[in-house]
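A.B. asks: model this:
(3 chains)
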Amino acid sequence: MTKSFLARNPSVLAFLLCLALFTLGVTVLSEGLGLNLVSTSFVKTLGKTLCLCLAAIAMDLVWGYCGILSLGHFAFFGLGGYAIGMWLMYERTRLIVVDSLANAPLPPTEQEIADAIGTQIFGVVGSAEFPPVWAFAHSLPLQLVMVVLVPGVLALVFGWLAFRSRVTGVYLSILTQAMTLALSLYLFQNDSGLRGNNGLSGLQNLPGLADTPQSLVSLWFFWASALALALGYLLAAWVVSGKLGSVIRGIRDDEARVRFLGYPVETFKLFVFTLTAIIAAIAGALYYPQAGIINPAEIAPIASIYLAVWVAIGGRGRLYGAVIGAAFVSLLSTFFTGGQAPDLNLGVYTVKWVDWWLVLLGLSFVLVTLFAPKGIGGLFDLAAGIRSPNRRGADLGPDQGSFREKEAET
Amino acid sequence: MTQLLEVSGVSVSFDGFKAINNLSFSIGPAELRAIIGPNGAGKTTFMDIVTGKTRPDEGSVLWGEEHVSLLGLSENRIAQAGVGRKFQRPTVFEDQSVFDNLMMALKKPRGPLATLLFRPSEADVARVGELAREIGLADALTRKSGELSHGQKQWLEIGMLLAQEPRLLLVDEPAAGMTLAEREHTTDILVEAAKTRAVVVVEHDMEFVRRLNCKVTVLHEGSVLAEGSLDHVTANKDVIDVYLGRG
Amino acid sequence: MIPFRALALVCCLIAGLAPAARAQSPDSPIQQLLQEHRAVILKSSRTSIGPAIDALATSGLPEARAVLNQWQDKNLWVRKSDGLFVFGQKADGGLGLVDITTGERFAVEDPKTLDQLKPNSGIRGLIGAALVQFQLTDPDPRKRAEGLRAIERRPKDSHLEALRKSIPSETDPGLLARKERLERLLTIQYGAPADRVAAIESFRGSLSVDVRAALNPLLATRVVLAEDAPANANVARPVVPGSPELSRDQAFDLLAEARGLARPPDAAARKEAMIAHIDNGAVGGVPVAALDTDAARDRAYTALAEAGLVPAWSPADTIDTALDGAEFLALYREPDPAVTAAAEETLKSIETKLALNQGLDLTLDALSLASIYFLAAIGLAITFGVMGVINMAHGEFIMMGAYTGYVVQQVIPDYTLSLIVALPLAFCVTAAAGIAMERLVIRHLYHRPLETLLATFGISIALQQLAKTIFGTQARPLTSPGWLDGAFTLNDVVSISYIRIAIFVLALLFLALFLFIMKKTRLGLEVRAVTQNPRMAASMGINPGRINMLTFALGSGIAGIAGVAIGLYAKVTSEMGADYIVQSFMTVVVGGVGNIWGTLIGATGIGFLQKGIEFLNPSNTLAAQTYMIVFIIIFIQFRPRGIIALRGRAAGD
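C.D. replies: Okay, here's the model as predicted:
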């Protein structure tokens, strides 16, 4: 019972090994440093997928382990992206402005530079003033703090309000969805200070690294994403392996019972909710520089639901399930909606995957929910020969309780 | 001797129906008490009030030597104060092993950070083993509790209660659905527990209550109908009316 | 006159027999009048024609109107031989000539012997305006109404007199009221001072747009420097520079004009000047490279100014210092203080009433929004409240209903008939979809609400994409029948379109239907039984599976009908369901689950809240939605189970 953490969790080791091999493989095959077999854009896709996997881990932690079906974690993901995007955009615009003003007859004053940056960034929404939310955009360290702080505080406040009033189950899901909707609608406004529906763009260009080819930058981000995923996985595994894991799983299964054991359920939920919001935000902060653009549509409620879909398909309540689900479904989505999949000719009708992929995804998701609640991760159990007893939902009340379940079934 | 729990003048109603009506009840620090009564007498609601699940419309619930009011506290604070509760249906965490269930219940700091950083010491593991022996589940420590039989789950739940080291144990129909042998074991556990703490048992089964051999409180329509030894209350005319006349 | 006419008639008769007769009336007053203005009439220029038309219009001659009319219609000709004005008429063998005084045709001649007057559109407009006053006394009430409308569109001071004259003889009470009202409106602009005040005050509390249009110009102001204001000026109020009425720049311009000041060079101008005077890598002795602060630049510029190279300037020299102590006044353009005071007063009373009526209008808007939310949510309330099932595909059922309406309209072109077919058909289609979904998916997920939520979401994305694949991404029209077009208008402020009234009625109808089904039918009884205790209901011979199926069919079917209703007033797209789903959930959650009255209250509350926020911040409906959701999240804090919540053990967990 007191073995080391990794010894108790062999799957963690296996996962880290797989991730390391994968990272190495992609690096070797990449355009930037290796054999040029994997294009830069595909390296970016893979890097983004790793970030999505990290967000899925957060989702799994909060839903699969703690039972809170949050339909708002992609909002935190997006907020992380916005936070880092603000610095990227500010700094890059500043360099461009300084560059263009260098040839001016008079050297520019600080105010002139700031005004020029403002005009560059906010011209599209008919403004040139810096809104107060950009107060820290000039500083990378401060804005990195914002990556964690803004989503963290939002999750803390929202979670505190929601959990305090004992909103649970589907109510909570709908409430988180409403929060996401409110946030995206707010960001859609031009006077939100974040460029309305234009969003932040040009994030793939790192300030000051204009000469570094994207093939190299994409690898850096790929490595960073892999590292973040590894650390996130370790953190999540460590959190759920101990007594806290027991408690939050207890909250998922029977909240009232945990309360009567003396645990402050609301505080635990708040802890997990906030922690996962921060993990999601970090994932977002790594994702959007690879995507290059972020706009409020990314935060729309549907995105958060997709996150839940990935985790459900991968298998919730197990961390590698979330990773597999996110990687599998998002890569497949990219494949089908990117127009790369060949059309399927049925003679009477030609199936264009761009049109039919979502139909297929929706239906297969229904099937997974109905027939394979453990998702893809359940296959590992089958392979390992583990079959958990099907006790839950079997009604063995006081009248039948003295029977073993097997006896009751016969 | 001062009382551990004093409930006085408590009333609560749901949509006009008075579930508890001016109920008063008290129990000492090391006492075994059985509460009986017909369906709808308010037994479960009484437990809900003491554990903080339901807020009464009026009355007071005082706890311990300092007479702290339990009414303003949340469920987990009441549990931390030393009130343990076992539900009617066995509620253990079926997805987790017996060991994890007991370890979770062990009396330790309950905050998230303390829980996150908690690593069981030798003594903790030993204590869990000891509890498991007490409830007869020493061989089943690594099994998932969902795999246990109904009776074993009941014991596990009692074991979790004991692990909490509560000063007051509220036990709701512990013997329901148990075989005769299991009932005897359950009786032993409860009687043993009541030597060091207060135990309140809600039960339908008169035979089980007789075996507990303790003071009995009869509830009817939300208030106390009679109190005393089992022989005393069964001789009470009101009790006979309630149980036989209309029951 | 009469004998003269008779004579003319006789003449004409003779003329008819003898072509080219001279049986005209060259000496009639109208002919003389025309001859008097012959030059300008023939010149036919919009700028100079005015006096001629005015002379005709004010001559009081009975023929004047006919002449103007014919002129406007390009039927006025001038005979080259004697210069007489005649009306031309189509006739065999040439142009029929008609006497402008008698209206009799007296000759047919070759058109080449005459000149046609061809007034351009500008002149025709002027003639039309002049004709208005004749219309006001026309025996045909429709003509009179037309004349009134012409004046309302383009009022002139000349109309006032004509209007006043026409009032005593007006017989139609409706027209009389309109004439009197218009007379007062014209009096405000063109009447004598005393009359104007009375006319202004007579409009107290009037909501019409034209009243405000007449009053507002009276209060037009211009801003002047206080010391420049004439002694007898009608002062509106003092103005502070920097207010919306007078920017600091404008104030400085006024001041500069009055006192002959020069504008101090602003930062951009100074920068230009410094760039122009870069000399050997330095400006005014300061190296260019050091000019990256305002202080350094000021120093450089001052040095330049001292050298006399640029206009003098010191950092203290700003618009602000110049404006210090200057006072400005807003003056009414209207010189008469009595008139402006009356106008102020009347406008204030109008505004009070306007606010009340806007409140009423807002209430109607909110009610109509509430009924839309109610329609969208009621199906959800049934499935969520009765069965505890979250149906994320509910929005897509709404969409299916709307597309059903669209398809029906493609088949049946008559809008009324297609609507009558579409409503029940939409119910059937979505109810069937609901039954299929319940049987195939939801049935297997009872008591697993989160998984139901996710599974129905899967169906939702599949249905949405399916609709997109079939119908395309662009919005499809669902046209309402003609009798639903237009709006019910109470006054110029309060109006509501018929389609919104119809949706409101539909919502009430469904409330009644739902109550009837739940309270009065066997099905309702069984549904309530299953809701409260499925096992007990089952043991009493009710089949919970069947009841759940029927309930789900009912809820889905109502969603379909809601879809048709929503499609009629909004667009039909594959994403329309998603637009309503969150609001629908909010409605159900805020109202309280399991109670139709709760849904009603929830919908009303959310409708009013959203409209209220939109009213406070009209420019931004997105912000309104954001604030509404935030408000709801906070509301849930205080009533986690909604407004009408089940209490006690029945509520469960």
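
A.B. asks: How about A:Thr274: what's its closest non-neighbour residue?
C.D. replies: Among residues not flanking A:Thr274 along the chain, A:Ala155 sits closest, at 4.6 Å (CB to CB, 6 or more residues apart in numbering or on different chains). Glycine gets a C-beta too; all of them are placed from N, C-alpha and C.

A.B. asks: can I assume C:Thr599 is in contact with C:Gly379?
C.D. replies: No. With contacts counted by CB atoms under 8 Å, C:Thr599 stays clear of C:Gly379, the gap being 10.1 Å.

A.B. asks: re the thing from before, identify the residues contacting the host helix or strand of the residue nearest to A:Thr274?
C.D. replies: Using DSSP states H and E, A:Ala155 sits in helix A:140-164. Applying CB atoms under 8 Å, 6 or more residues apart in numbering or on different chains, the contact partners of helix A:140-164 are A:72, A:75-76, A:79-80, A:83-84, A:86-87, A:91, A:136-137, A:172, A:175-176, A:179, A:265-266, A:269-270, A:273-274, A:276-278, A:280-282, A:285, C:633-634, C:636-637.

A.B. asks: starting at the chain centroid, how far to it?
C.D. replies: Distance, stretch centre to chain centre, for helix A:140-164: 15 Å (CA atoms, centre = their mean, to the nearest Å).

A.B. asks: Please apply the same query to stretch C:231-251.
C.D. replies: Its chain's C-alpha centre and that of stretch C:231-251 lie 32 Å apart, by CA atoms, centre = their mean.

A.B. asks: For that stretch, buried residues please.
C.D. replies: For stretch C:231-251, a neighbour-count test (16 or more other CB atoms under 10 Å in any protein chain shown) marks C:Asn234, C:Ala236, C:Val239, C:Pro241, C:Glu245, C:Leu246, C:Arg248, C:Ala251 as buried.

A.B. asks: which other residues reach it?
C.D. replies: C:219, C:221, C:223-224, C:226, C:229, C:252, C:319-320, C:323, C:326-332, C:334-337, C:340.

A.B. asks: likewise stretch B:135-148?
C.D. replies: Stretch B:135-148 is contacted from outside by A:388-389, A:391-392, B:92-99, B:101, B:128-129, B:132, B:152-153, B:155-156, B:158-159, B:162, B:185, B:189, using CB under 8 Å, 6+ apart.

A.B. asks: Pull out the buried residues from those residues.
C.D. replies: Neighbour counting by 16+ other CB under 10 Å classes A:391, B:92-99, B:101, B:128, B:132, B:152-153, B:155-156, B:158-159, B:162, B:185, B:189 among those as buried.

A.B. asks: What are the contacting residues of stretch A:31-39?
C.D. replies: Stretch A:31-39 is contacted from outside by A:26-30, A:40, A:43, A:46, A:213, A:215-216, A:218-219, using CB under 8 Å, 6+ apart.

A.B. asks: number of nearby residues for C:Ala262?
C.D. replies: Residues contacting C:Ala262 under the criterion other CB atoms under 10 Å in any protein chain shown number 9.

A.B. asks: Is it in a helix, a strand, or coil?
C.D. replies: At C:Ala262 the chain is in coil, as set by DSSP: H, G, I helix; E, B strand; the rest coil.

A.B. asks: Might you report the residue contacts of residue 70?
C.D. replies: Using chain A. Each residue near A:Ser70 by CB under 8 Å, 6+ apart is listed here: A:Met59, A:Val62, A:Trp63, A:Leu172, A:Ser173, A:Thr176, A:Phe273, A:Thr276, A:Ser304.

A.B. asks: Let me rephrase: I mean chain B.
C.D. replies: Per CB under 8 Å, 6+ apart, neighbours of B:Leu70: B:Val50, B:Gly52, B:Val61, B:Leu62, B:Trp63, B:Ile78, B:Ala81, B:Val83.

A.B. asks: in the chain, which segments are predicted with low confidence?
C.D. replies: Using chain A. Low-confidence segments of chain A (pLDDT under 70): A:1-4, A:7, A:385-410.

A.B. asks: I was thinking of chain C, sorry if that wasn't clear
C.D. replies: For chain C, the ranges with pLDDT under 70 are C:1-25, C:317, C:594, C:618-619, C:645-653.
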